[in-house]
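Asks: Here is my input, please return the structure:
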Amino acid sequence: MNTNLILFLSITIVLLSIVTFSYFLGRKKKGIENWYVGGRALPLYVQIGTQFATVMGGATIVGLVGTAYSSGWSTLTYGILTMIGFFPFLFMAKWLRNSKFETMPDIIRDIYGRNPVLSILTILCTLIVPFGWMITQLVGFGKIFATITGMNASLMVAIFAIISLAFVLPAGMTSVAWTDFIFGCGMAIGAVISFFMALNMGDGFQSIMSNTPSEISDFPKGLVGVGMGTVLFWVFGVMPGNLTNQQLYQRIYSANNAKNATKAIGVTAVLFAIATFWSSTIGLTVRSLNPSLDNPEKATGWFLTQTPDWFLIMFSVFIVATIMSTLSSAVQSVVVTITKDIYTNYINPDVKEKKLLSISRIVSIVVLTIAASLAIFYPQALGWIVASFAYSVSALLIPIIGGFILRDKSVLNNRAGIISIVMGLLGSAIAHGLGTSMYVVYGLIGSFLGLIIMAGINKAAKED
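Replies: Numbers count the residues shown, from 1 in each chain. Below you'll find the predicted structure:
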């Protein structure tokens, strides 16, 4: 039987099984709180599964493997920096879980007070990361399966977008989290098998390293093979990026208790670093076997075409599962922000729960259509993640972390929040427009100065 036919049949069977599971879960777990934050009842193992699946996806499977292909151990640097970026969550998780938040704008409102301008700014900045995440997953799927099957990448993106709706529509966060857990377990098994298969294909670790350029494969030199400029950009733009990623906040809110929310974050941080070691190994293996790929982000797809058909089919199913789970969580995150923070708060505060659920599903279709269109016209997996993190960090990192530290000092108000966000965005945008590669640093400086200056003014006014 044709390999492509077997592949698509296998994917169809697995996805139909999970869609059926999501449907029945949606019938059992009704209500808007289940759609938004999983009923605040997710057990520890599901939290870890959904957190890990959220930070995996197309960026790790496609973008970071491509980075390893071209720049070696730099991918591991990316993973270590991202892991470090999780640490502040360990101190914030208890407060976040016990504050009954549902979205990231809730945090800003709690710290700085209610203000329409502040809310709009926060909402727009909150949407940056999950929307970029959506596009990344679609690009990743299109590139892998176009390489494996020989079919058009744009067609793959469109099909994948349609299928993903079946995972997010039934019960929102509840269905997304549980399918994340199932998919994550499958992906972990496939990753372990593929790791040893890659070592075997490359005739062992030492052979792989000797067949790749020393500037990217030698350790520790290869950790900065991508260039110090890019590594520094990752330090300021990617390392703190998850602190402005609403998807992770929602999973903390969804935990069954604060202690488990903290544990899940710590385990996820370590697992992501391990995952980028996997990405590094796969990328370097492909570089040693085929150093002439026209696009580094095709490395994962090429690797799979060199494996036995049974493994190609099995691991492709896991890849679909992982990217699907990450995409569905990003869609759910965007939709919650739009329906709760915009529609409910400013358009129809008295909306009935049943109608709000229907609106959430309609918005899911709209935002996914927009994301699929952008993925087709601008197909860069890692590029979308890095850019979305950079602007989100510039705008929200200082207001969130600084606000958490100063929240009980009575020196913050809505003006402090507005100025900090605006100066962060302007700092990044102006520096980016002038061609500065480290534009995120200027955004962070601007945001920090804005918050400190306004806090000082508020403190002086209070003393007077």
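Asks: For the stretch 1-150 of the chain, give me the ranges with low pLDDT.
Replies: For the stretch 1-150 of the chain, the stretches with pLDDT under 70 are 1-2, 18-19, 21-36, 38, 57-58.
Asks: Let me see the ranges of the helices in it.
Replies: Counting by DSSP state H, counting those that start in this stretch, the stretch 1-150 of the chain has these helices, from start to end: 3-28, 32-37, 44-55, 58, 64-71, 74-85, 87-98, 104-112, 116-149.
Asks: which helices and strands sit right next to the fifth one?
Replies: I take that to be helix 64-71. Counting contacts by 3 or more Cβ pairs under 8 Å, 6 or more residues apart in numbering; DSSP states H and E, helix 64-71 packs against helix 74-85, helix 258-289, helix 299-305, helix 381-406. Where C-beta positions appear, they are placed from N, C-alpha and C, glycine not excepted.
Asks: Name the nearest residue to the most centrally placed residue in the chain, ignoring sequence neighbours.
Replies: Nearest residue to the geometric centre of the chain (Cα atoms, centre = their mean): Val55, 4.7 Å. Spatially, and ignoring its direct neighbours in sequence, Val55 is nearest to Phe272 (5.2 Å; Cβ to Cβ, 6 or more residues apart in numbering).
Asks: same deal with Val235?
Replies: Nearest one to Val235, counting by Cβ to Cβ, 6+ apart, is Leu81 at 6.2 Å.
Asks: before we move on, back to that, could you dump the helices and strands packed on helix 64-71 to JSON lines with distance to Met92 and mean neighbour count?
Replies: Converted to JSON lines, the helices and strands packed on helix 64-71 look like this (distance: least, Cβ to Cβ, whole Å; neighbours: other Cβ atoms under 10 Å):
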{"stretch": "helix 74-85", "distance to Met92": "13", "mean neighbour count": "24"}
{"stretch": "helix 258-289", "distance to Met92": "9", "mean neighbour count": "22"}
{"stretch": "helix 299-305", "distance to Met92": "34", "mean neighbour count": "23"}
{"stretch": "helix 381-406", "distance to Met92": "6", "mean neighbour count": "24"}
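Asks: Make TSV from these and add distance to Val129 to it.
Replies: What follows is the helices and strands packed on helix 64-71, written out as TSV (distance: least, Cβ to Cβ, whole Å):
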stretch	distance to Val129
helix 74-85	13
helix 258-289	16
helix 299-305	23
helix 381-406	5
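Asks: between the ones you listed, which one is nearest to Gly225?
Replies: Across the helices and strands packed on helix 64-71, the minimum distance to Gly225, taken as Cβ to Cβ, is reached by helix 74-85, at 4.7 Å.
Asks: So which bits of stretch 87-96 are buried?
Replies: Neighbour counts using 16 or more other Cβ atoms under 10 Å place 88-89, 92-93, 96 of stretch 87-96 among the buried residues.
Asks: ok, so of these, who is nearest Thr285?
Replies: For the buried residues of stretch 87-96, the nearest to Thr285 is Phe89 (32.7 Å; Cβ to Cβ).
Asks: Isn't the closest one up against Ala258?
Replies: No - using Cβ atoms under 8 Å, Phe89 is not in contact with Ala258, being 11.9 Å away.
Asks: The residue nearest to Val55 contacts Thr54, correct?
Replies: No - using Cβ under 8 Å, Phe272 is not in contact with Thr54; the gap is 9.9 Å.
Asks: Out of the helices and strands packed on helix 64-71, flag the one nearest Thr60.
Replies: Closest approach to Thr60 among these is made by helix 258-289 (5.6 Å; Cβ to Cβ).
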